[in-house]
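>>> Everything below, folded, please.
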Amino acid sequence: MAPKDVERSDSVDSDNGMPPKTEPGNKVTRFLEPFFQVHTRGSNWLQEIRAGCCLFMTSAYILFLNPIILSGGTSGFNTGMPGDDVALATSVATGCATLLMGVVANYPWVVSVQLGTNSYFVNSVLKLGVPCGAHPHFYGGDTCTGQPCSCSIDASGEQVVNERVLVGGPCFNTTAECLGTEIPYEKALAATFLEGLVFLAICFLGIRRWLLKLFPKSILMAGAAGIGCFISFVGVKDMGVIVAAPYPTLLSLNLGIPYVHGGWGKPGYDSKVSFNSCRMYQDGPPYSVVCPWLSVGGLIFTAILLCWNINGAFIMGIFFTMFISWIKFPEKISTGQGLVPDKVAYLPKFQETAGAIDFQWGSQTGDLIIAFVTFLYLDFIGSCITFVAMGEMTGILDEKGNMPRSNMAFIADGFGTMLGGLLGSSALTTYVESASAVREGGRTGITAIVCALFFFAACFLSPLFSVIPAIATGPILALIGVLIFMPSVFEINWHDITDAIPAFVTMLGMPFTHNIAYGIIGGLLVHVIIKFFTYQLFDFQHSWPGAALYRRWATADVTKLMKMRMPGWNCEIPPTGRPEDPWYYDPSLEAVVRKKFFPDYDENYQRKRSTPALDVPPLPPSKDMGETHVPAVAAVATADTGRPIHAPDDSAHHGHMHST
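Predicted structure coming up:
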């Protein structure tokens, strides 16, 4: 009889870095084991389902955020994309792509709308605020603001706003401007669809593997660590702990900076939002509750659970903060002062965006080709680095940084982007929030399937799922960043300055630019420049004029002159010394310090036997006990190092004592 399904052990299989294998406990799990390998990977079904729930809760914010961004809510301009259509497109595309990730690739990762790309889609591709542009609306200070408008060419060849000259109309002689987008969203969605199609072609033709080999391992690992920094930055920002500040600070602890959305500390404006406040904020993102102290409490609560290795720590942390915020703000969302949904379910239906892609680009072909190329490299680089980060975290990468079945995972990305373009959303990619599922024990595609089912349910229950506040998910993202950062940063060759600088640029570039791809691009550029000028980029550079001079100068031993070692430049790595010492240990420098400040101690930091105050000649062995007698000192452990030092003992005046 097969053993019952057991919980995952905290121990790790030393062969592959995965938890110990378990055994399926019933016919269903035994039947599905060859497909999903739940027990082979050291997991169990309950653990996978729990991880899937956590994965959905940490990524469900996109159901609320993406419609606001793509409809133009965060920019102050209407893009013409209905928010309900975008929400439905987000749910369907995310559910299908994540389901494909679980069934085909068998990885516990969620595929959803790429943050950063959706902002680029609105602000750089559509280009808002164009007079009489596509999908125009009135903007101004009268009652016509927000109403649709249209333009035409009059007899004199000038462009006029129809509603403004329509006698008797509600907007006759209005002072509001009729503004739209330079490029219609239908054409931008076509560029998104085309990007997903090319992404799939790259995977099927095997070009992806060749392109990935162009990335140095130090850049890949730095990209994974940078994702940890980036996602922690996003989490702390969602918590409301940090805010934009006036120049030159730009970023500050939330101490009541008079910040208004879209400005840099507008004089006289008081948002009444600070670290000690807890209120609804509707003047800008997050368009929800801002309660930094409560979010910090959720962070501490979740961190303690993680330190205690409690299963379900992330879910408990989300519920902890979410329930308290619901109690604090019990009013309905429609009032703008609460978090309780007005309705739980509704029947979704596409109105305009589904199937609206338009390939008749005309004079805008150049701009849309640039948008297509930008979509492609943002999606490709972001996916590559996210896969490396997730693979490093789950321990499935080989020594070359390759991941099994990665091509199938890329196919899920490309398919999701194509579907998003068809339905009305920007490009999709694998989320770094997937690390929350890995931390909860998710190891297989079952986790992704559970998460996908929640996103399908969100098509009907989006009013309920969209009330998970950012202050509840922010602490989780901040802690996930730590878990991603830890295993990756040690894989970087910090000993070599020519690798360390590009890696550092990569890591900092992601949170500073709020974009994963920009960090990678910056790191690659710095890598190419530094390696080229140090004759290391190509093998044939070794024979170039000046290469020999660089090698002599870079390896010059200036230790005696500078009284220190400079790792990666003028000393061997690791330096000659004790094997247990770290790479920065300098035995000669330590000897100088010890001789000057600790003259009475030897190289093991034990008091020298020749110290005058304790110089007692050794005695012969005891004939009775056969023990060896030592000088009259007692071995005592220092508080700092734990190494034994010798201190006087009361029995010293008797001539000897037994050794302990």
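
>>> Now do the same contact list for the residue minimising distance to the centre of the chain.
Nearest residue to the geometric centre of the chain (CA atoms, centre = their mean): residue 231, 3.1 Å. By CB atoms under 8 Å, 6 or more residues apart in numbering, the residues touching residue 231 are 432, 433, 435, 477, 478, 480, 481, 484. From N, CA and C alone the C-beta is placed, and that goes for glycine too.

>>> Does the fifth one touch residue 232 like I think?
Yes. At 4.9 Å, residue 478 counts as touching residue 232 under the criterion of CB atoms under 8 Å.

>>> okay, those two: which has more neighbours?
More crowded of residue 478 and residue 232, by other CB atoms under 10 Å: residue 478, with 25 against 21.

>>> does residue 66 sit in a helix, a strand or a coil?
Under DSSP: H, G, I helix; E, B strand; the rest coil, residue 66 falls in the helix class.

>>> For it, give me its contacts.
Counting by CB under 8 Å, 6+ apart, residue 66 touches 86, 87, 90, 113, 118, 425, 426.

>>> Could you check the pLDDT of the fifth one?
If I follow you right, that is residue 118. Confidence at residue 118, expressed as pLDDT, is 81.

>>> Also residue 371?
Residue 371 is assigned a predicted lDDT (pLDDT) of 88.

>>> For residue 325, which residues are in contact?
Counting by CB under 8 Å, 6+ apart, residue 325 touches 289, 291, 294, 339, 469, 471, 472.

>>> Ramachandran angles for the first one?
With angles defined as degrees, to the nearest 10, residue 289 sits at phi -70, psi 140.

>>> tell me the contacts of it?
Applying CB under 8 Å, 6+ apart, we find residue 289 in contact with 278, 279, 280, 281, 325, 328, 329, 339, 469, 471.

>>> beta partners for it?
When assigned by DSSP bridges, residue 289 has beta-bridge partners residue 280.

>>> Between the two ends of stretch 119-136, how far is it?
19 Å (CA to CA, to the nearest Å).

>>> So for that stretch, what gets flagged as buried?
Residues of stretch 119-136 classed as buried by neighbour count (16 or more other CB atoms under 10 Å): 119-122, 125-128, 130, 132-136.

>>> just those: which has the poorest pLDDT?
The member of the buried residues of stretch 119-136 with the lowest pLDDT is residue 119, at 75.

>>> before we move on, which element is it in?
helix 117-120 (DSSP states H and E).

>>> Can I get the helix or strand following that helix in PDB? Just the C-alpha atoms.
Downstream of helix 117-120, the next assigned helix or strand under DSSP H and E is strand 128-131. Output of strand 128-131 as PDB, limited to C-alpha atoms (Å, rounded to 0.1, in the frame of the first residue of the first chain):
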ATOM      1  CA  LEU A 128      -1.400  61.500 -25.100                       C
ATOM      2  CA  GLY A 129      -2.600  65.100 -25.300                       C
ATOM      3  CA  VAL A 130      -2.700  65.600 -29.100                       C
ATOM      4  CA  PRO A 131      -5.300  68.100 -30.300                       C
END
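
>>> For the helix or strand following strand 128-131, name the packing helices and strands.
For strand 128-131, the succeeding helix or strand toward the C-terminus, using DSSP H and E, is strand 134-139. Counting by 3 or more CB pairs under 8 Å, 6 or more residues apart in numbering; DSSP states H and E, the packing neighbours recorded for strand 134-139 are strand 177-181.

>>> Give the other helices and strands that the very next helix or strand once past the strand it packs on contacts.
Counting by DSSP H and E, the next helix or strand C-terminal to strand 177-181 is helix 185-204. With contacts taken as 3+ CB pairs under 8 Å, 6+ apart, helix 185-204 sits against helix 207-212, helix 365-394, helix 406-423.

>>> how distant is the second one from the center of its chain?
The reference is to helix 365-394. Here helix 365-394 is found 14 Å from its chain centre; the criterion is CA atoms, centre = their mean, to the nearest Å.

>>> tilt between it and helix 406-423?
Here helix 365-394 points in a direction 140 degrees away from that of helix 406-423 (axes from the mean of the first three to the mean of the last three CA atoms, to 10 degrees).

>>> tell me the angle of helix 365-394 relative to helix 185-204?
50 degrees.

>>> Counting neighbours, which bits of helix 365-394 end up buried?
Those would be 367-368, 371-372, 374-376, 378-394, for helix 365-394 by 16+ other CB under 10 Å.

>>> As a check, name the ranges of all helices in the stretch 1-150 of the chain.
27-36, 45-59, 62-70, 83-100, 117-120 (DSSP state H, counting those that start in this stretch).

>>> mind putting the ones you listed in a markdown table, distance to residue 193 included?
Shown next, in a markdown table, are those (distance: least, CB to CB, whole Å):
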| stretch | distance to residue 193 |
| --- | --- |
| helix 27-36 | 31 |
| helix 45-59 | 23 |
| helix 62-70 | 15 |
| helix 83-100 | 11 |
| helix 117-120 | 14 |
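
>>> Return the most buried member of the ones you listed.
Ranked by mean neighbour count, these are led by helix 83-100 with a mean of 26 (mean count of other CB atoms under 10 Å).

>>> to the chain's geometric centre, what's the distance from it?
21 Å.
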